[in-house]
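J.: pasting the structure only:
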């Protein structure tokens, strides 16, 4: 459980600072997607997913220092994040987006 949830203070009315694309971050975004109830919340969740995508893209830009396996993993993760983003912003299915992120976390993609 995230520290935000433990303290009962998940602030859904703003985008959280996304500093990485680790499993804990993806799981927290999934929790925030599941808890989001208003259209404004989903705009913030889209922004969080945009930042995850951007951070993955930055890492992929440094391919010279990545193994082929890591490039493949990051490329797949970026695709998953993009799909989750579209589930939120285009299809208006935040629960499906959360499931997609949780699947990535559970399978350590």
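T.: Received it, and whenever you're ready, just let me know what you need. Only a predicted model underlies this, so the values are computations on that prediction, with no experimental measurement involved.
J.: now do the nearest residue to residue 76 once chain neighbours are set aside against residue 84, distance only.
T.: Nearest residue to residue 76, sequence neighbours excluded (C-beta to C-beta, 6 or more residues apart in numbering): residue 109, at 5.7 Å. The C-beta positions use only the backbone N, C-alpha and C, and glycine is treated the same way. Per C-beta to C-beta, to the nearest Å, residue 109 is found 12 Å from residue 84.
J.: of the two, give the one with the bigger neighbour count.
T.: Per other C-beta atoms under 10 Å, whichever of residue 109 and residue 84 has more neighbours is residue 84, with 29 against 15.
J.: so what's residue 93 up against?
T.: Counting by C-beta atoms under 8 Å, 6 or more residues apart in numbering, residue 93 touches residue 87.
J.: and it, backbone torsions?
T.: Backbone torsions for residue 93, taken as degrees, to the nearest 10, come to phi -130, psi 70.
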